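**Q** Predicted model and sequence follow; I will ask about them next.
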Amino acid sequence: MGVFGAAGPDSRLEVFVLPGIGEIRAGDDLAAVILAAAGAHLADGDILAVTSKIVSKAEGRQVAATDREQAITDETVRVVATRAHPGGVTRIVENRQGLVMAAAGVDASNVAEGTVLLLPADPDASARALCTAVRETTGLRVGVLITDTVGRPWRDGQTDIAIGAAGVAVLDDLRGTTDAHGRRLDVTVAAVADEIAGAADLIKGKTSGNPVAVVRGLAQLVGPIDAGDRGARRLLRDSANDMFRVGSAEAFAEGYAAGLAAAANRETPAGDLPVGAPSADANGPQVATQVGSAGEMPVAAPSDGADGPEVATRGTASW
């Protein structure tokens, strides 16, 4: 059944920003800053959606970096996909926090020249510390989500997700319950923390200077800070269940390389190779073109570089 039960049909969701946060610097008491902006407007059961950028700034995660690309490389533990486009190269990677996102979450906007901002080292720990401070100061049962912006497979554009959580259920497991027609739900697990993060971003925006929003009306999702099912890391899909662990072009390159190796082991005669098959050279497999519409033409072939396969695309990636 659901974590704390679904909200009733007459429930109301309210989202509003806390204005006047201002510039955050390393060492600032973020809880005190947020509470000063909130005044008397917080209530029991509220959820604070806090943009990760101000958490990173308060924690001193701003580092000198004349080359943002090197900072991305330093924060990368696994390359998922790379795509060249007219503006450069987009790298989708798994970062040190276990998140798969563009540029490892390294941010060069709204920071001093010659520096970049890294994500909080442990977003869940940051959320717990902030949630604990707010609860102890106010006596209110408040939850905290730390949010960041990501792109998504299969969907254009970006949205906010929860990368850190404390005192908030991040998943609402509906398996075993029934739908409106009495049918049993066997796979439905709602990613409520991500849904809350997306709702909060609608009002926080990207350029408004309002990094904190209050989400009211979901008190059933607010609970103990130390509940094991409430950290945002709970939302990360493990490798065994990740059906899209690498990009499509990277998967093709890996599969074709494996096919070439298998063919070489069998000593397949050249005459048995399919017509128009990609040929391998020092730069990796080269994709043969075919007759067809522009939409059916393959992109440039993957080639292995120091940071993983680099693949040209027809347009600019939306990540």
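**A** The structure has been received and is ready for your questions.

**Q** Looking at the host helix or strand of Val55 now, give me its mean pLDDT.
**A** Using DSSP states H and E, Val55 sits in helix 52-58. Averaging pLDDT along helix 52-58 yields 96.

**Q** cool, stretch 225-242 as well?
**A** 81.

**Q** Next, the distance between the ends of it.
**A** Stretch 225-242 has its terminal residues 28 Å apart, counting by CA to CA, to the nearest Å.

**Q** Tell me the helices and strands packed up against the helix holding Val55.
**A** helix 30-38, strand 115-117, helix 123-138, strand 143-152, strand 155-166 (3 or more CB pairs under 8 Å, 6 or more residues apart in numbering; DSSP states H and E). Heads up, the C-betas are built off the backbone N, CA and C, glycines and all.

**Q** could I get the ones you listed as a markdown table with mean pLDDT, mean neighbour count and distance to Leu260?
**A** Shown next, in a markdown table, are the helices and strands packed on helix 52-58 (pLDDT from 0 to 100; neighbours: other CB atoms under 10 Å; distance: least, CB to CB, whole Å):
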| stretch | mean pLDDT | mean neighbour count | distance to Leu260 |
| --- | --- | --- | --- |
| helix 30-38 | 97 | 18 | 53 |
| strand 115-117 | 92 | 19 | 39 |
| helix 123-138 | 96 | 20 | 42 |
| strand 143-152 | 95 | 24 | 32 |
| strand 155-166 | 94 | 21 | 34 |
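
**Q** of those, which approaches Ala258 most closely?
**A** strand 143-152 (28.4 Å; CB to CB).

**Q** relative to helix 123-138, how tilted is the closest one?
**A** Following axes from the mean of the first three to the mean of the last three CA atoms, to 10 degrees, one obtains 150 degrees for the angle between strand 143-152 and helix 123-138.

**Q** List the strands paired with strand 143-152, with their directions.
**A** Neighbouring strands of strand 143-152 in its sheet, by DSSP bridges, are strand 47-51 (parallel), strand 155-166 (antiparallel).

**Q** will you turn the ones you listed into TSV that also has distance to Pro224?
**A** Shown next, in TSV, are those (distance: least, CB to CB, whole Å):
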stretch	distance to Pro224
strand 47-51	14
strand 155-166	10
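
**Q** returning to that earlier point: among the helices and strands packed on helix 52-58, which comes closest to Gln70?
**A** Gln70 lies closest to strand 115-117 among these, at 9.6 Å (CB to CB).

**Q** Which one of the strands paired with strand 143-152 lies nearest to Ala191?
**A** Among the strands paired with strand 143-152, if distance is taken as CB to CB, the winner is strand 155-166, at 8.3 Å.

**Q** picking up where we left off before, now the helices and strands packed on helix 52-58 as CSV including distance to Gly98?
**A** As requested, those are exported to CSV (distance: least, CB to CB, whole Å):
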stretch, distance to Gly98
helix 30-38, 23
strand 115-117, 19
helix 123-138, 10
strand 143-152, 13
strand 155-166, 10
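
**Q** So for Val89, which of these sits nearest?
**A** Closest to Val89 of these is strand 143-152 (CB to CB; 14.9 Å).

**Q** can you tell which of the helices and strands packed on helix 52-58 is closest to Asp67?
**A** The closest of the helices and strands packed on helix 52-58 to Asp67 is strand 115-117. By CB to CB, the value is 9.3 Å.

**Q** helices or strands next to the closest one in the packing?
**A** Going by 3+ CB pairs under 8 Å, 6+ apart, strand 115-117 lies up against helix 52-58, strand 62-64.
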